[in-house]
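Asks: following is a predicted model, sequence given first.
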Amino acid sequence: MNPPLWKASVRAAMEDVEHLSTLLELTPSPSPQSVIVLTHPHEDDAVIEAYYDEPADAAALSAILGRDVKVEALPDQDWVKLSQEGLPPVRAGRFFVYGRHDKGRVPANVQGLAIEAGAAFGTGHHETTSGCLTALEWMNQVGYKPDNALDLGTGTGVLALAADRLWRIPVIATDIDPVAIEVTRENLRLNGGQMRIRPLVAEGFAHGAIAAAAPYDLIIANILSGPLTQLAPGIRAHLAPGGKALLSGLLRTQELVVLAFYRSLGMRLERRWRLGPWSVLLLTL
């Protein structure tokens, strides 16, 4: 039997998603196991969902967020996984991200990544993930060849796996959420990438293995704009000369703020990708 799970959900305009998601992530007593954002290409709003292993107070969350939050108990099953199992595969450049239900339907001449749904962010359906996959492929096409990489906030491990497929390099994949790291380990087994990818539970750069493998030619951080700015000095300090940082999880409206932090540290914008309201930034040291 799975442990009980509760879901809090709130609808929000895209410009409020980052702020409200951060508030949910930082809410104590109880703290959520994970927070995900669900978007639809034909809708202007998004739905933010937070998952808890104990009942959350809907009235308290509504007061904190300033809008109506619905809290409900979920059945005794992996509800997050079930909600993603019916998702279609995603094509991002040559990458083809698919779940178990699409096994055997991978087209020829693509980089297939088997990503099982679970309580972690990164099935490829969100614009930030597909945008990072597109950016990684572009970097490979223009001849960039890193010797190692760090994937901060790896989620399902999909971007670490993409880097492994493109360059066959050692990758450290970290996440603050132990559940996400378990999901990553399972996806590594599915894709045979466990030899070069090392998953770790870590907050920011607070793990000895991260410093031991530094400096990095490539640091990937598909997280929220707040953590991107907070981690800017650490990302700069762990990059090799000429290294690149691939940043996402931010809205277009947050680009200038995020860029200001990194430019103040001597980094320059090499290229950006915009998918709907979301941005992917590639910076060079």
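Replies: Here it is on my side, so go on.
Asks: wait, Ala173 touches Ala163, no?
Replies: No. Using CB atoms under 8 Å, Ala173 makes no contact with Ala163, being 9.2 Å away. Placement of C-beta: from N, CA and C, glycine included.
Asks: doesn't Trp273 make contact with Ser130?
Replies: No. The criterion here is CB under 8 Å, and Ser130 misses it with Trp273 at 9.6 Å.
Asks: average pLDDT across the longest strand seen in the chain?
Replies: Determined from DSSP state E, the single longest strand within the chain is strand 239-251. For strand 239-251, mean pLDDT is 94.
Asks: counting contacts, what elements does that strand pack onto?
Replies: When contacts are defined as 3 or more CB pairs under 8 Å, 6 or more residues apart in numbering; DSSP states H and E, strand 239-251 sits against helix 14-26, helix 127-141, strand 216-222, helix 225-230, helix 255-263, strand 278-284.
Asks: quick one, it and strand 216-222 angle?
Replies: 10 degrees (axes from the mean of the first three to the mean of the last three CA atoms, to 10 degrees).
Asks: low-confidence stretches in the stretch 1-150 of the chain?
Replies: Scanning the stretch 1-150 of the chain for pLDDT under 70 picks out the ranges 1-4, 34, 39-43, 75-94, 96-126.
Asks: what about Ser130 and Trp273, which has more around it?
Replies: Just comparing Ser130 and Trp273: by other CB atoms under 10 Å the higher neighbour count belongs to Ser130, 24 against 19.
Asks: list residues touching both of Ala173 and Ala163?
Replies: Asp151 (CB atoms under 8 Å, 6 or more residues apart in numbering).
Asks: between these two, which has more neighbouring residues?
Replies: Ala173 (32 against 28).
Asks: pairing partners for the more buried one in the sheet, please.
Replies: Assessed by DSSP bridges, Ala173 has beta-bridge partners Asp151, Pro199.
Asks: make residue 1 into 19 and carry on from there
Replies: Got it, the first residue is 19 from now on, which makes the last one we talked about Ala191.
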